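S.K.: Below: sequence and its predicted model.
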Amino acid sequence: MNLREISSLVFIVWLGLLLGAVLKIVAYDNILTGGVGTYILTHAAPELGAENIVTSVLLAYRGLDTLGELTVLFVAITAAGLVLGQRRTDAPSDSDAGFILRTAANLLFPFLIILGTYILLQGHFSPGGVFQGGAILAAAFFVPILASPASPLHHRVSRLVEGLVVATFMIICLLALFSDDAFLALLLGKGSVSQLFSAYSLPLLHIVIGFQIGTAFAGILARLQETEASD
Amino acid sequence: MTESAGIIILSYCGAIGLILLGVFAMVMYRHLIRIIFGLMLLEAGVNLFLITIGYRANAVAPILVDGQIPAAAMVDPIPQAMVLTAIVIGVGVQALALALVVKTYQAYRTLDTQELAQKLAKETGVDIIEGTPVYLPSPLAAHKQILEEKST
């Protein structure tokens, strides 16, 4: 044990004691009185017409945070693509997977697309939402790449979709800015609860963000996968 | 102390344990992939911690059924939304970290931080951890060493 390891251990023990202090101050009778959580629980459904309250927090009450999060994701993925670099066209790629995996991947593709879109569309009035749907969409595009690595994802297309989707998000925000003089304000009508077209512009934002996350994840997985094998 | 208090204490202990394990892995291991695993554990611990803050005993998920607020209490929706955000950002960060690790391995053929530091010191003449200049072998000796490494 050198000095560095001993000091690390001391630090970890100290951090554990510090975090353990939470056990002393936490409210065990767990009554949520007042505060913004209670307000949102009681007001979200009448105000927004969205049954999934987590979604309404994510896209309406804290929509700006989600925009910031998309920016962070965009930057991280762009940086990863920059670091990994472009693949040479003549670089050898892994051979195709077996027949069963390839066929299953092709069969799964439309169903995964349908499932992902369904979860995106239903996100404002049922369990589900942007991130779950986006992850499934990314899987739909990534499974075929795993099955046959030689057929690469068209990065130009995926970048184009990603850019278009972010532009759409900004356009929705700006439309709100001009129509209701508040950035990210809600557009369209409230509609009735549990309908596809309800909850203002939340479904639109849903689809846009879901596609952005889907293309971002699929793009980064494909880039990591097609990194040239080190000889 | 009720039954729900036990659940809350268990959950907090799990979260704290995950955080400590993650920090432990990050400071004690020298392998870059293990350090990234430590980061993942740390993220999982922090997410569990946040979710536990919003937990309420005998409460249901914050989703209305048929437009009606359920009779049972609902958990706090704000930590859940924040954790969803944190998970996605975590994945982006992990992807970036893995990309850097791939490039590091391609350039230096090792993922051990101490070996990396030695190789970098040989290249630049500066110890990257201590920041002090190191003794560089004469060009002839360095050339001999490279030849030896190639022959083995």
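M.R.: Happy to help now that I have it.

S.K.: use CA for all of it now, contacts and neighbours both
M.R.: Noted.

S.K.: how's chain B carved up into domains?
M.R.: B:3-111, B:113-152 (automatic domain parsing).

S.K.: quick one, helices of the chain?
M.R.: You didn't pick a chain, so chain A it is. According to DSSP state H, chain A carries its helices in the segments A:3-20, A:22-25, A:35-48, A:53-56, A:63-84, A:99-122, A:130-147, A:155-180, A:202-225.

S.K.: meant chain B, my bad for not saying
M.R.: B:3-28, B:32-53, B:77-108, B:113-124, B:139-151.

S.K.: would you list those helices in a markdown table and tack on mean neighbour count and distance to chain A?
M.R.: Formatted as a markdown table, those follow (neighbours: other CA atoms under 10 Å in any protein chain shown; distance: least, CA to the nearest CA, whole Å):
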| stretch | mean neighbour count | distance to chain A |
| --- | --- | --- |
| helix B:3-28 | 19 | 5 |
| helix B:32-53 | 20 | 8 |
| helix B:77-108 | 19 | 5 |
| helix B:113-124 | 15 | 13 |
| helix B:139-151 | 10 | 16 |
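
S.K.: on that earlier part again, which stretch in the domains of chain B has the least confidence?
M.R.: Lowest mean pLDDT within the domains of chain B: domain B:113-152, at a mean of 72.

S.K.: Tell me, how many residues neighbour residue A:225?
M.R.: 17 (other CA atoms under 10 Å in any protein chain shown).

S.K.: got a list of what the most centrally placed residue in chain B touches?
M.R.: Nearest to the geometric centre of chain B sits residue B:39, at 0.7 Å (CA atoms, centre = their mean). Residue B:39 makes contact with B:22-23, B:26, according to CA atoms under 8 Å, 6 or more residues apart in numbering or on different chains.

S.K.: can you tell me which residues contact residue A:128?
M.R.: Here residue A:128 is in contact with A:119-120, A:122 (criterion: CA under 8 Å, 6+ apart).

S.K.: quick one: which of those is nearest chain B?
M.R.: Among the contacts of residue A:128, residue A:122 lies closest to chain B (CA to the nearest CA), at 12.4 Å.

S.K.: per-residue confidence at that closest one?
M.R.: 79.

S.K.: That one contacts residue A:129, doesn't it?
M.R.: Yes - contact criterion CA atoms under 8 Å: residue A:122 and residue A:129 qualify, at 7.2 Å.

S.K.: Quick test: name the residue nearest the centre of chain A.
M.R.: Note on chain A: the residue nearest the mean C-alpha position is residue A:131, at 3.8 Å, using CA atoms, centre = their mean.

S.K.: Any idea how many residues pack against the residue nearest to that residue when sequence neighbours are not counted?
M.R.: Excluding the flanking residues, the one nearest residue A:131 by CA to CA, 6 or more residues apart in numbering or on different chains is residue A:210, at 6.3 Å. For residue A:210, the count of nearby residues is 28 (other CA under 10 Å).
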